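# take a look and give me a structure for this.
(one chain, ligands or ions: 1)
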Amino acid sequence: MSRAPGAPDGARCDAAGCGRRVYCGSLCRGHYRRKRCGLPVDVPLRRWGRSGWEALADAMLAYADASAEDREEFRRASHNARVAAVRYARALADKVTK
Ligand SMILES: [Zn+2]
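Residues are numbered from 1 along each chain as shown. Here you go, the predicted structure:
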């Protein structure tokens, strides 16, 4: 795996709540790919091995913990919770229709 020059070892992705290792610029591989594809970067990436329910529960807990005084943190947590809810709903719908 190549690393962009200047990305310090141990640097973490800039996207909210990500924490993955930097791949290029200030973003991890997944968020960098989203940026290159013109997709919003500020969304949580899917964590493999974690069920949709766990992802939704984590996002909702983060939303509940988010400081209402920090508008940006609150907005992100709200957005992430909504994304997790939609993913979970889609996963349930897939199960029902298959
Ligand atoms: Zn990332």
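# what residues does the protein put near the ion?
13, 15, 18, 20, 28, 31 (C-beta under 5 Å from the ion). In this view, the C-beta of every residue, glycine as well, is placed from N, C-alpha and C.
# any chance of these in JSON lines, plus pLDDT?
Shown next, in JSON lines, are the residues of the chain next to the ion (pLDDT from 0 to 100):
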{"residue": "13", "pLDDT": "92"}
{"residue": "15", "pLDDT": "88"}
{"residue": "18", "pLDDT": "84"}
{"residue": "20", "pLDDT": "88"}
{"residue": "28", "pLDDT": "92"}
{"residue": "31", "pLDDT": "92"}
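# who wins for most neighbours among those?
Of all the residues of the chain next to the ion, the highest neighbour tally under other C-beta atoms under 10 Å goes to residue 31, namely 27 neighbours.
# which parts of the strand or helix carrying that residue are buried?
Element membership for residue 31 (DSSP states H and E) is helix 29-36. By 16 or more other C-beta atoms under 10 Å, the buried positions in helix 29-36 come out as 30, 31, 32, 34.
# show residues contacting that helix.
The contact list for helix 29-36 (C-beta atoms under 8 Å, 6 or more residues apart in numbering) reads 1, 13-15, 18, 20, 23-25, 27, 40-41, 43, 45.
# Three-state assignment for the residue nearest in space to the middle of the chain, please.
Centrality entry for the chain: nearest residue to the mean C-alpha point is residue 44, 0.9 Å, by C-alpha atoms, centre = their mean. Judged by DSSP: H, G, I helix; E, B strand; the rest coil, the three-state class of residue 44 is coil.
# possible to save the buried residues of helix 29-36 as JSON lines with distance to residue 75?
Output for those, formatted as JSON lines (distance: C-beta to C-beta, whole Å):
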{"residue": "30", "distance to residue 75": "21"}
{"residue": "31", "distance to residue 75": "18"}
{"residue": "32", "distance to residue 75": "23"}
{"residue": "34", "distance to residue 75": "18"}
